[in-house]
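# what shape does this take:
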Amino acid sequence: MTSHTDAIDARDLANLGQVRDLFAHADPVPGDLAERIKFAITVEALHAEVAELMDSALLVTRGTDAKVEPTPTDSVTFTAASVSLMVSAGPDDSDDTDDRVRVDGWVTVPGAQVEAVTTEGSSSVVSDANGRFVLDDLPHGPVHFVVTDPGNEDMRPVITPTIQI
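A predicted model of the protein is given here:
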């Protein structure tokens, strides 16, 4: 028998390999874990406020093996302490192939800058005096929004969870 101060031997490595395989099968790492980590680091780096999705039933929390299909919805509302954001996605009027999406939205801060961050990059717009805005020509797929108020330097950026459009 070896003591706890001896180096790990082949039997220990085999046992650890079996434990790893057991956990890989029983509770695999979510496929989007790297994206979640990057998001968390970005939020911490920005000292940003994170908006909450108002209907948490719209979220699927595990990887692609999830048996729950997301509920189709016409609009999504996010809320944070300093701002609320409602977005509605539909086909882009300028595209006949339905490859692109138009996002119509409303934010509680008039004149706020709303940035949509997608897999192709980001697109931003400033909301009008009523808080309305339109983002055209966005790709289908994951998107999150970053809301800032250029006229209020005390307002931290607000970042929404990622949704599919």
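# mind listing the helices for the chain?
10-26, 33-46 (DSSP state H).
# comparing those, which yields the minimum mean pLDDT?
Per-segment mean pLDDT for the helices of the chain reaches its minimum on helix 33-46, at a mean of 79.
# CA atoms of it as PDB?
These are the backbone C-alpha positions of helix 33-46, laid out as PDB (Å, rounded to 0.1, in the frame of the first residue of the first chain):
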ATOM      1  CA  LEU A  33     -19.900  27.300 -21.100                       C
ATOM      2  CA  ALA A  34     -17.000  29.200 -22.700                       C
ATOM      3  CA  GLU A  35     -19.400  31.900 -24.000                       C
ATOM      4  CA  ARG A  36     -21.000  32.200 -20.500                       C
ATOM      5  CA  ILE A  37     -17.500  32.600 -18.900                       C
ATOM      6  CA  LYS A  38     -16.600  35.300 -21.500                       C
ATOM      7  CA  PHE A  39     -19.800  37.100 -20.800                       C
ATOM      8  CA  ALA A  40     -19.300  37.000 -17.000                       C
ATOM      9  CA  ILE A  41     -15.700  38.300 -17.400                       C
ATOM     10  CA  THR A  42     -17.000  41.100 -19.700                       C
ATOM     11  CA  VAL A  43     -19.700  42.100 -17.200                       C
ATOM     12  CA  GLU A  44     -17.100  42.200 -14.400                       C
ATOM     13  CA  ALA A  45     -14.700  44.200 -16.500                       C
ATOM     14  CA  LEU A  46     -17.300  46.800 -17.400                       C
END
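# pull out the buried positions in that helix.
Phe39 (16 or more other Cβ atoms under 10 Å). From N, CA and C alone the C-beta is placed, and that goes for glycine too.
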